[in-house]
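Chemist: Quick one, what's the 3D model for this:
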Amino acid sequence: MKRKIFILHEIYGVNHFIEEQIQVYGNEDTAVSLISLYPAGLSFPYEQEKQAYDFFLQTVGFDAPLELLSQKILEACENYNEVILIGYSVGATLAWRLTTLPLHRVICVYGSRIRQYLDHIPSCPTLVVLPSHEDSFDVQSLKDTLASKPNVQIKQYQGLHGFMDASNSNYCQMSHSQAHTDIKYFLQTSKIQEE
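Modeler: Got it, this is the predicted structure:
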């Protein structure tokens, strides 16, 4: 196979939505693997958002997984023509922090904590997918800051954090469809397109 896609989950762990992404992005030319940041089989229901977030911060965090993730990505780079990383929420923030590796593309879907790592400069084409609103910070300010960075394309959609997940209470079908179309296009383009 010529292409490898790694998917990084949100605070909830590997749930139905994350498992669905294998079918969404996998095909005869693309192998897709989920990378779980949690012990095997551990996931949280959406109603336990606070517990899931606390568990992520206390047992995983935004620094500890970087070495293991880097190793997996570099190994894949030896066996595939293209290696792509797609992260959701906390997984998107981790993906953002890995954009200096020899990746073909990185997609960060509502990675709100990217705002803590704005000194980072991606060396590969990176798509940042943002909702129209987040309770914890000013999305427009983050968008404006990211717009000045090389290799970064930003797409913003109507809705809240979690709008792509049909099982999430913030799901927005129209925004999900638009984002999915834009992500597929981004994966197919040979060079980054200006918005």
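Chemist: Need the nearest residue in space to S169, chain neighbours excluded.
Modeler: Leaving aside its sequence neighbours, S169 sits nearest to Y46 (CB to CB, 6 or more residues apart in numbering; 6.9 Å). In this view, the C-beta of every residue, glycine as well, is placed from N, C-alpha and C.
Chemist: Contact partners for the one you found?
Modeler: Y12, S167, N168, S169 (CB atoms under 8 Å, 6 or more residues apart in numbering).
Chemist: Look up how far I7 lies from it.
Modeler: 18 Å (CB to CB, to the nearest Å).
Chemist: CA atoms only for stretch 47-61, dumped as PDB, please.
Modeler: Taking Å, rounded to 0.1, in the frame of the first residue of the first chain, the C-alpha atoms of stretch 47-61 are listed here in PDB:
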ATOM      1  CA  GLU A  47     -21.900  12.000  29.600                       C
ATOM      2  CA  GLN A  48     -18.500  11.600  31.400                       C
ATOM      3  CA  GLU A  49     -16.800  14.400  29.600                       C
ATOM      4  CA  LYS A  50     -15.200  15.800  32.800                       C
ATOM      5  CA  GLN A  51     -14.000  12.400  33.900                       C
ATOM      6  CA  ALA A  52     -12.600  11.700  30.500                       C
ATOM      7  CA  TYR A  53     -10.800  15.000  30.300                       C
ATOM      8  CA  ASP A  54      -9.400  14.600  33.800                       C
ATOM      9  CA  PHE A  55      -8.200  11.100  32.900                       C
ATOM     10  CA  PHE A  56      -6.500  12.300  29.800                       C
ATOM     11  CA  LEU A  57      -4.700  15.100  31.500                       C
ATOM     12  CA  GLN A  58      -3.600  13.000  34.500                       C
ATOM     13  CA  THR A  59      -2.600   9.800  32.700                       C
ATOM     14  CA  VAL A  60      -1.700  10.800  29.100                       C
ATOM     15  CA  GLY A  61      -1.300  14.600  28.700                       C
END
